[in-house]
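Novice: Sharing a model prediction with you, sequence too.
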Amino acid sequence: MTELYLSAVLNEAERVAKQHDQVARSTDHPAHEYLRYGVLRLLEGETDDTVADVPDIDGVTVGYGSDEAMFDSWSSSEDWWETVPPQEACTRFRVFFPDDHQTVPRDIVDVMATLGAWRVWTGSAAACGSYDHRERCEVHYLWPEGHPVEEVLHERLSGPAEAVAPDGGRTGDVRDRLVVDENPKSQDDLEPRTKRAVAEAMDVSLLSKGGRYEVQSASGNRYEVDVVDESCSCPDWQQRSPEGGCKHLRRVDHEIKQGRVPRPDGRLPTTSG
């Protein structure tokens, strides 16, 4: 099984290197960066040309970044490092999966074991800077730069010089994955009620950490929205609790995802995810 996953990761990393050379432009180790993306695409089910016997993993999302950079960004609000302090020259993978699993899905365990990564934390993703995944669990793995699998990929890429992009510094927090997203969503993909909520004049602000926001409508009415509990103080929510949320809940959700207001844990929006 290990050889199967290793082959799948290498195949996908090689494909990313040849089709998306910009992936490695902000890291000191291009092969390392391509392998990161290979793992990400494999676990998120975005690959088309990997080994056929590798099963799809439903409901998995992956974030990653330099462990030290993540510590700089998250140490004030998270306790991830109480067990294992930030490690120099290591990637931290944050793998989110549906919370109906009693344990970490076996496929995630096998893929990460293939890379020689070790598990350092498991818990709930709710209200800890993981807003899009608040109904999921997450597991963290560390993977050191300089792993022998990088040499294997480097040998595969040693032919065409353009396969490995020039270095340009180091990665920061969790990398933006849209660079290899062939079908990014646009505003036109929003559900109709969400579109109307986004278009309406409203003012959104964070009331308190933990996911409580205030929304002021064009009429001057003020309502309190709790994005973690998914509730609102407006009459529509109190009387009907419409599926998908009232317009205020939808608007707050959109503003958070667009980085226009602080996230539920109080952290200010950033451009790095």
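Specialist: Right, received. Where do you want to start?
Novice: Confirm for me that Gly211 is in contact with Asp229.
Specialist: Yes. Here Gly211 reaches Asp229: they are 7.4 Å apart, a contact under C-beta atoms under 8 Å. From N, CA and C alone the C-beta is placed, and that goes for glycine too.
Novice: Spell out, range by range, the strands that occur in the stretch 1-150 of the chain.
Specialist: 61-66, 90-98, 118-124, 136-144 (DSSP state E, counting those that start in this stretch).
Novice: Output these as a markdown table; include the columns mean pLDDT and distance to Glu151.
Specialist: Converted to a markdown table, the strands of the stretch 1-150 of the chain look like this (pLDDT from 0 to 100; distance: least, C-beta to C-beta, whole Å):
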| stretch | mean pLDDT | distance to Glu151 |
| --- | --- | --- |
| strand 61-66 | 86 | 20 |
| strand 90-98 | 90 | 16 |
| strand 118-124 | 88 | 20 |
| strand 136-144 | 89 | 13 |
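Novice: Neighbour count: Gly211 and Asp229, which is higher?
Specialist: Per other C-beta atoms under 10 Å, whichever of Gly211 and Asp229 has more neighbours is Gly211, with 23 against 10.
Novice: For the more buried one, give me its contacts.
Specialist: Ala127, Asp226, Val227, Val228, Asp229, Pro264 (C-beta atoms under 8 Å, 6 or more residues apart in numbering).
Novice: What segments of the stretch 51-200 of the chain are helices?
Specialist: Remark: helices assigned in the stretch 51-200 of the chain by DSSP state H, counting those that start in this stretch are 67-74, 106-114, 148-156, 192-199.
Novice: Compare those and report which one is nearest to Glu3.
Specialist: With C-beta to C-beta as the criterion, Glu3 lies closest to helix 106-114 of the helices of the stretch 51-200 of the chain, at 8.4 Å.
Novice: How about the secondary structure of the residue in the chain sticking out farthest from the centre?
Specialist: Computed with C-alpha atoms, centre = their mean, the residue of the chain farthest from its C-alpha average is Ser219, at 36.7 Å. Recorded secondary structure, Ser219: coil (DSSP: H, G, I helix; E, B strand; the rest coil).
Novice: Surely Glu150 is in contact with Thr27?
Specialist: No. Here Glu150 does not reach Thr27: they are 11.7 Å apart, not a contact under C-beta under 8 Å.
Novice: Quickly find the element holding Ser205.
Specialist: Here Ser205 sits within strand 202-208, counting by DSSP states H and E.
Novice: thinking again about what came up before, pipe the helices of the stretch 51-200 of the chain into TSV and attach mean neighbour count per row.
Specialist: Shown next, in TSV, are those (neighbours: other C-beta atoms under 10 Å):
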stretch	mean neighbour count
helix 67-74	19
helix 106-114	19
helix 148-156	16
helix 192-199	15
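Novice: Output those helices in CSV, with distance to Thr91 and mean pLDDT appended to each entry.
Specialist: Shown next, in CSV, are the helices of the stretch 51-200 of the chain (distance: least, C-beta to C-beta, whole Å; pLDDT from 0 to 100):
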stretch, distance to Thr91, mean pLDDT
helix 67-74, 7, 84
helix 106-114, 11, 87
helix 148-156, 11, 90
helix 192-199, 34, 92
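Novice: Against Trp80, how distant is Ser124?
Specialist: For Ser124, the distance to Trp80 (C-beta to C-beta, to the nearest Å) stands at 12 Å.
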